[in-house]
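Novice: give me coordinates for this.
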Amino acid sequence: MQKLAIILALFITSLLSAQTNYEKGMQKAFELSVTNPMEASNLFERIATAEPDNWLPSYYAARVIILNSFGETDKDKLTAQLAKAQDLINDATAISKNNPEILVMQALLHTAWVAFDGATYGMTLSGKVVALYQQAEQIAPNNPRVVLNKAEWAMGGARFFGQDTAPFCKDVEHALELFANFKPESLFHPNWGIERAQQVLAECK
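Specialist: Reported below is the predicted structural model:
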C-alpha cells in the first residue's frame, strides 16, 4: 500500500512538472512573439513536439508566421513561410478537427496570399476563404474571432470592388460585444482580437 502511494505521488509530481514546463514554454513563446516572432514560432514548434496531443502550440506557431507574412514582398520568402505555416495548420487540424479557431487561421493564411497579389490569388482563394468563415460560423457563431475576421474579409472585398464598407461595421460592433463576454477554455486558448476589433471599428467611424 505504501509502495503504491509512493508510485502515485511520483506520477502526480511528474504530471505537475510537465504541466509547469508546458506553461513556462508557452509563456516564453508569447513573450518572444512580440520581440522575436521567428524564435517564438520555433519555440512553439518545439513545444508542439513535446505535446503531440495539443493543437495549441502548432496553431500559435502558424499564427506568428502568418501575421508576419503580411507585407512581405519577396515571393520566394513568402512561399517558404506560408508553406511552413500550412504544415503547422495541418498538424493542428489533425489533432482538433472542425475547430473554428484553426479554420480562422487557415482563412488568414489564404488572405496573406490575396494581400500579396490580389489579381493572381483573389480568384482562386476568395471562395475558399468565404467557405472557411461560413464553416467556422456554423460551428461557433458566437466566437468573436470568427465574427471579426469574417467581417474584415467582407470589408476587404468591398474596398476592392469600390463598395461601401459601412454595412459590415455592425458585425465588428457585434464582435466587440462577443469579446466582452468571451471566456477562453484555458489560459492558453485563443483570446486575441479585441484590439484589432477596436481599431477596425474606429476606422469605421
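Novice: just say helix, strand or coil for H189.
Specialist: The three-state assignment at H189 reads coil, by DSSP: H, G, I helix; E, B strand; the rest coil.
Novice: got the phi and psi for it?
Specialist: phi -70, psi 150 (degrees, to the nearest 10).
Novice: isn't it right up against L56?
Specialist: Yes - between H189 and L56 there is a contact under C-beta atoms under 8 Å: 6.9 Å. In this view, the C-beta of every residue, glycine as well, is placed from N, C-alpha and C.
Novice: of these two, who's got more company?
Specialist: Regarding H189 and L56, a neighbour count based on other C-beta atoms under 10 Å identifies L56 as having more, with 22 against 12.
Novice: and the pLDDT at that one?
Specialist: In this model, L56 is scored at 98, pLDDT.
Novice: got it, and Y59?
Specialist: Y59 is assigned 98 on the pLDDT scale.
Novice: burial measure for V129, as a count.
Specialist: By the measure other C-beta under 10 Å, the count of residues near V129 is 23.
Novice: likewise the one 10 residues further on?
Specialist: The burial metric for I139, expressed as a neighbour count using other C-beta under 10 Å, is 14.
Novice: same check, this time on T49
Specialist: 10.
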